[in-house]
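In: pasting the structure only:
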């Protein structure tokens, strides 16, 4: 059974870039690609970074029960399809979901078995600097995200791990260490006891 790793953070903390590098270094991980109604940013590739769809199509998928979780974030819809987890299981890989705090909270309320990791910037000032240097984000959107950041950060208390992204390489290494530790937990190892010869 795949392990579900959920990473959340305020916009600008670096979660997407960190997770992309973590997955690159760990072949046993696969990223869940979310659906969103927002427009693509610079250098984002449809089908690789996100599935970009209209609000009408998103609403239809909600009614169909297509999403494992979905939420409205900064005025746009974001959601994760149920099929992503099924595909990870069929591939024998662990799934990495990069989602907002609202989506993670929904999964927690549903008691979805997952490892919840929250990433923080070293300070709100650095968070703002990263957001403004991101590119392709309008000033109005930057202000909305900065306004929402303190409330999102309060949600960190509900996560299993909290990482402060002070230095990229160190943060990626810590993320990989969490993956290794979670894979080695006794209940996960014994769930595969037939495969490894445990009685």
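Out: Perfect, thanks for sending it. Just so you know, these numbers come straight off a predicted model, no measurement behind them.
In: OK, contacts around the nearest residue to residue 3 once chain neighbours are set aside?
Out: Computed as CB to CB, 6 or more residues apart in numbering, the closest residue to residue 3 that is not its neighbour in sequence is residue 94, at 4.3 Å. For the C-beta atoms, the positions are set from N, CA and C on the backbone; glycine is no exception. With contact set as CB atoms under 8 Å, 6 or more residues apart in numbering, residue 94 has these partners: 2-5, 28-30, 88, 179, 183.
In: What of residue 32?
Out: Contact analysis of residue 32 by CB under 8 Å, 6+ apart lists 80, 84-85, 88, 95-98.
In: In strands, which of the contacts of residue 94 appear?
Out: Cross-referencing these with the strands (criterion: DSSP state E) gives 4-5, 29-30 as the overlap.
In: can you redo those as JSON lines with neighbour count, distance to residue 66 and pLDDT?
Out: Written out in JSON lines, the entries for those read as follows (neighbours: other CB atoms under 10 Å; distance: CB to CB, whole Å; pLDDT from 0 to 100):
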{"residue": "4", "neighbour count": "20", "distance to residue 66": "18", "pLDDT": "94"}
{"residue": "5", "neighbour count": "26", "distance to residue 66": "22", "pLDDT": "97"}
{"residue": "29", "neighbour count": "21", "distance to residue 66": "24", "pLDDT": "95"}
{"residue": "30", "neighbour count": "18", "distance to residue 66": "19", "pLDDT": "93"}
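In: Quick check: the residue nearest to residue 3 vs residue 68, distance?
Out: Taking CB to CB, to the nearest Å as the measure, residue 94 falls 16 Å from residue 68.
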